[in-house]
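# Predicted model and sequence below, questions to follow.
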Amino acid sequence: MKLTFLGTGAADWPKVRESEFHRYLSSALVNDDLLIDPGPCIFSFQADMGRPLFTGVKNVILTHSHGDHYNAGTLLALCEAGPITFYATAEVAQVVPKSPNLTYVPITPFVPFTVGDYEILPVPSSHSTSIPEETPVNYVITQGNKCLFYGLDGAWIPNKSYHALKKFAFDAMVFDCTSGEVDGEFRIFEHNTIPMLEYLLHHMRLAFPTMFKPGCKLIATHMARTLHGTHEETAARLAEFGMLAAYDGYQMEI
């Protein structure tokens, strides 16, 4: 399994590149065929790469409907190349566009579903949107003997989700790291800080070591422009407790 970060920024990053180092809004590609979050910047990232990235994408899964993760125009643009199946919670139906090439499949938290050779389990996150009934989700994605947790947006891990996650052994876990190390950070109820991740992972490793396969990669993403220092500073701080700092274009084999 291969994971490519198409964007690693939180919502305060501009959609247009302004400097040599830039974070587009968060999105990721599993192998070359499964897109996580059809955000507004994925085609800008593709242009920066100078090559087609999405010709193999047939399936798209959505974490939640916030505008930095979901863009109806992006979804329609993907449909221009061929049929797309879009998986999102039922409450998102009201913002799904119409296209003869788009099939919308509602999903339910804690109910696994199959996409090609992927087994996918959506689990609720501690996050909310402007759609009152919507439950934002994180994902466990399994392909063969490889297992990935994609955990954004959200803070900590809700109790029921943790009970579901502890049954898995992960090759890689990706976490929300929106808020750096800001004091008095009100976003801690829906986004992680670096100290929160340090505390969380310390206790998870001790309490549930079987969740982490040997060599399990722990990756932080979704960094706010205004709540972090430089990428190098963030990477050095995360490395103190065994995490990697993702950046746009970062690709890893799981």
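Good, I have the coordinates.
# before we move on, what SS does the spatially most distant residue from the centre of the chain have?
Distance from the centre of the chain peaks at Pro100, with 27.2 Å (Cα atoms, centre = their mean). With DSSP: H, G, I helix; E, B strand; the rest coil as the basis, Pro100 sits in coil.
# And for Ala164?
State at Ala164, reduced to three classes by three-state DSSP: helix.
# so how many other residues sit close to it?
When counting by other Cβ atoms under 10 Å, one arrives at 18 neighbours for Ala164. Backbone N, C-alpha and C define where each C-beta goes, glycine included.
# picking up where we left off before, what pLDDT does the residue farthest from the centre of the chain get?
Looking at Pro100, its pLDDT stands at 98.
# Would you tell me what helix or strand the nearest residue to Val16 once chain neighbours are set aside is located in?
Closest residue to Val16 apart from its sequence neighbours, by Cβ to Cβ, 6 or more residues apart in numbering: Ser44 at 7.3 Å. Using DSSP states H and E, Ser44 maps to helix 42-49.
# Just the buried residues of that helix, please?
Using 16 or more other Cβ atoms under 10 Å as the test for burial, helix 42-49 gives Ile42, Phe43, Ser44, Phe45.
# correct me, but the last one touches Leu6?
Yes. The pair Phe45 and Leu6 passes the contact test of Cβ atoms under 8 Å, sitting 4.8 Å apart.
# Overlap of the contact sets of the two?
Tyr24, Ser27, Leu53, Asp248 (Cβ atoms under 8 Å, 6 or more residues apart in numbering).
# residues in contact with His228?
So His228 contacts Gly180, Thr234 (Cβ under 8 Å, 6+ apart).
# What separation do you get for it and Gly151?
Counting by Cβ to Cβ, to the nearest Å, the gap from His228 to Gly151 is 18 Å.
# can you pull out the helices in this protein?
For the chain, helices defined by DSSP state H occupy the ranges 42-49, 72-79, 159-165, 194-207, 231-239.
# who's in contact with the first one?
The list of residues contacting helix 42-49 from outside it, by Cβ under 8 Å, 6+ apart, reads 6-7, 15-17, 24, 27, 35, 52-54, 74, 77, 248-249.
# Please type out the ChimeraX selection for whichever of these turn out to be buried.
Those of those that count as buried under 16+ other Cβ under 10 Å are selected in ChimeraX with:
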select :6,7,17,24,27,35,53,54,74,248
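# Tell me the one of the contacts of helix 42-49 nearest Thr63?
Ser27 (9.7 Å; Cβ to Cβ).
# Which residue, neighbours along the chain excluded, lies closest to Ala155?
Nearest one to Ala155, counting by Cβ to Cβ, 6+ apart, is Ser126 at 4.8 Å.
# How about Thr178?
Here the residue nearest Thr178, using Cβ to Cβ, 6+ apart, is His191, at 3.6 Å.
# swap in Asn71?
Pro40 (4.1 Å).
# Now for that neighbour: which residues touch it?
Lys15, Leu25, Gly67, Asp68, Asn71, Gly73, Thr74.
# hmm, 10 Å instead?
7, 15, 24-25, 27, 67-74 (Cβ atoms under 10 Å, 6 or more residues apart in numbering).
# before we move on, what about Lys217?
3, 148, 170-174, 242-244, 252-254.
# In the residues you listed, which residue is surrounded by the most others?
That'd be Val174 among the contacts of Lys217, by other Cβ under 10 Å, with 28 neighbours.
# Hmm, Asn138 and it touching each other?
Yes. Contact criterion Cβ atoms under 10 Å: Val174 and Asn138 qualify, at 8.9 Å.
# if I look at these two, which residues touch both of them?
Contacts common to Val174 and Asn138, judged by Cβ under 10 Å, 6+ apart, are Phe149, Tyr150, Gly151, Leu152.
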